[in-house]
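Undergrad: Sequence and predicted structure, then a few things I'm wondering about:
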Amino acid sequence: MNRDEIIPILYEMALAIGGEVSVASLLSRTLQRLLYYTSFPAGFICLDLPVAEVGGEDFVTTTLDAAVGDYRLIKHVGEQFTLPKQLLLGPAVKLDGQAELLSCMPATRGRYQAFLRLPIGKLGVIILIAPRMPETGLPLTLMFEPIMSHLERAIVLCRNNDQYTSRLIADRQQADTRAEYLALHDGLTGLPNRGLLLDRIQQAMAMGTHTGQYGALMTLNVDHFKQLNDYYGYQACDRFLIDTARRLEACIREGDTVARYDGDEFMLLIWPLPSIRDEAAIQAEQIAQKLQQALTPPYRLNGRERSASFSIGISLFLAHLDTLETLLRHAETSVYQAKIAGRNTIRFFDPALQSVIMTRLELEADLLRAMPLKEFQLYYQLQADDLGHITGAEVLLRWQHPKRGQVSPGVFIPLAEETGAIIEIGDWVMQMACEQLRSWQTHPHMRQLQLAVNVSAVQFHQQDFTAKVCRLMARYDDIASLLKLELTESVMLVGAEDVIEKIQILKNLGLRFSMDDFGTGYSSLAYLKRLPLDQLKIDQSFVRDITSDPSAAVIIQTIIGMAQNLGLEVIAEGLETKEQLALLLQYGCRHYQGYLLSRPVPVDQFEAVFEQGPLPLSIKQALT
């Protein structure tokens, strides 16, 4: 590489260094530019290294003054560590195959093997690290020598400015009262609160009138926060929110604002952005992606690592083209759009989806009123064995809305889980199933019928779920063995050991358990063999394709074989044709549910079908 190619790089870095006035931003900015030009993924800076003594220890204690590129390293900035002299001291050098040497760094053991050392005169050192040495034609150990001299002088100047600024800040803080601080900041996280955020939004709008620059309001919402709260408790989730606040603060630019807006919702004011809308949108999305990346590492909740996801909505604004109220409404709508898109996503406000969001909000309000207004109904879809005997039914929930008619379970069940309404609804369904089983005990031909009840993961992970079921079974202990609780594989995503313990406790009461939609979710064989299940339910997507897709047929045969080896019963749902039934019978599946046998019907119709005796002749022939 010739001189003409290197000089622009050095010139740009000199400008970047000269433009900073604070040591913290100077060090971070310098690291960012070095990583960009050298292709190293991470790096750190240590200042004020102790003088090395001849023949002394092989390690020195120093402070990690700055770090970029590795969150595990960044969170230790400001802490003291003991690191090898061979790493920190000496001339500029680029070395590969140094895994053992680099393993001494905090929280990065075994992740890096190559490093580039750039001394900052007598002030300190920059260490860039990588899993393997990046390929580059730049003479890295030589070309940055003048930049390091420039950086050394800049650090001295910035330190003086920081000391002066610190004195000013201290004087101002002494003049502020605690009451004024709490009036403008969130008591838990210390972030600006809603009032302060709204004031800064109005300031940004006013400044945008003069500059013509766009701004963005980002709404960040924790996915399934209620489930986390219910499972881990308020104290753990308070620490979770505090940790989230610190991560967000570490990502925003100087001048931006991150606020705790309400509960598990954060809002970020990003201003200024470019005056061209498309460019502003691109930059806003880049910031949102940076936030998402910073929130990806697992959190520690009650001593366990737990990953969390966040939905992010973005609404752009320019001066006072929209009112503050409209902007806030758009920001809220955008995060709803992100959740509708599948959560853990980023979405800009789309006016075309506004009516969809309003309909969803109206449906949510109606859902919360459905229980007291007795709008829910229970339907029963029969289950039969390979001899045509009706063995029981699955209890299915239906919502008969007074204006919308029958609302699809695929619409209102997820909504009930999000709002927490599924807990009350699920309790009611389970109690009604128990009452129905008891009523059948007076009928000699129906007293052996079993009922399967779906239990939502949200409901199952409630701290008092086991206690509530135990109390219910104390009243209905005579029919406990006839009640089957159907769980989906998603229950295993949170606290698998607790799930196993809960199931075992309830199994001891006589209850039976079925794994619903098996093969479509978590499917950990390590846990499956330990789960005290009674039945696996083959998902209808496999049954539907069994006659046309060889892969579906293989999966079904595998599930049946695995269940037989584990001593579990198998039932296939979604059975619609005789051809499907013939193959299932051939593969060894002896229990069925689907439209071929019966659609879901009210209990009186189900009882009428049962009283008729054998199934319709065509079905009976197919079964036998």
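TA: Great, that's in hand. Keep in mind that this is a model prediction, so the values were computed, not measured.
Undergrad: thinking residue 257 is in contact with residue 268, fair?
TA: Yes - contact criterion Cβ atoms under 8 Å: residue 257 and residue 268 qualify, at 6.8 Å. For every residue, glycine as well, the C-beta is placed using N, CA and C.
Undergrad: With neighbour numbers in mind, choose between the two.
TA: The neighbour comparison of residue 257 against residue 268 (other Cβ atoms under 10 Å) goes to residue 268, with 25 against 20.
Undergrad: Next, please give the residue ranges for the strands of the stretch 401-550 of the chain.
TA: 405-407, 450-454, 483-488, 512-518, 535-538 (DSSP state E, counting those that start in this stretch).
Undergrad: Most tightly packed of the ones you listed?
TA: strand 535-538 (a mean of 25; mean count of other Cβ atoms under 10 Å).
Undergrad: Centre of the chain to it, how far?
TA: On the basis of Cα atoms, centre = their mean, to the nearest Å, strand 535-538 is displaced by 28 Å from the centre of the chain it belongs to.
Undergrad: average pLDDT for that strand?
TA: If you average the pLDDT over strand 535-538, you get 92.
Undergrad: For stretch 106-114, what does the pLDDT average out to?
TA: Here the average pLDDT along stretch 106-114 is 81.
Undergrad: List the contacts of it.
TA: 42, 64, 70, 72-73, 75-76, 79, 81, 94-99, 102-103, 105, 129-134 (Cβ atoms under 8 Å, 6 or more residues apart in numbering).
Undergrad: Those residues in strands, which ones?
TA: With DSSP state E as the criterion, strands contain 42, 81, 94-95, 129-130 from among the contacts of stretch 106-114.
Undergrad: Now for the residues you listed: which two are most distant?
TA: 81 and 94 (22.4 Å; Cβ to Cβ).
Undergrad: List the buried residues in stretch 276-284.
TA: Buried residues in stretch 276-284, defined by neighbour count with 16 or more other Cβ atoms under 10 Å: 280-281, 283-284.
Undergrad: Among these, pick out the one closest to residue 229, please.
TA: Closest to residue 229, out of all of the buried residues of stretch 276-284 and judged by Cβ to Cβ, is residue 284, at 29.7 Å.
Undergrad: From residue 321, how far out is the closest one?
TA: Distance, residue 284 to residue 321, using Cβ to Cβ, to the nearest Å: 16 Å.
Undergrad: Can you tell me who the closest residue to residue 59 other than its chain neighbours pairs with across the strands?
TA: Distance criterion Cβ to Cβ, 6 or more residues apart in numbering; nearest residue to residue 59, sequence neighbours excluded, is residue 82 at 4.8 Å. Residue 82 has these beta-bridge partners by DSSP bridges: residue 61.
Undergrad: can you tell me how far residue 82 sits from residue 51?
TA: Taking Cβ to Cβ as the measure, residue 82 falls 16 Å from residue 51.
Undergrad: neighbour-wise, which of the two wins?
TA: A direct count of neighbours by other Cβ under 10 Å for residue 82 and residue 51 places residue 82 higher, at 11 against 8.
Undergrad: Between the strands of the stretch 401-550 of the chain, which one is closest to residue 291.
TA: Comparing the strands of the stretch 401-550 of the chain by Cβ to Cβ, strand 483-488 comes nearest, at 30.6 Å.
Undergrad: list the helices and strands the closest one packs on?
TA: helix 421-440, strand 450-454, helix 457-460, strand 512-518 (3 or more Cβ pairs under 8 Å, 6 or more residues apart in numbering; DSSP states H and E).
Undergrad: could you redo the last one with a cut-off of 10 Å?
TA: strand 390-401, helix 421-440, strand 450-454, helix 457-460, helix 465-475, helix 496-507, strand 512-518, strand 535-538 (3 or more Cβ pairs under 10 Å, 6 or more residues apart in numbering; DSSP states H and E).
Undergrad: That one to strand 390-401, inter-axis angle?
TA: 60 degrees (axes from the mean of the first three to the mean of the last three Cα atoms, to 10 degrees).
Undergrad: Direction included, what does strand 483-488 pair up with?
TA: strand 450-454 (parallel), strand 512-518 (parallel).
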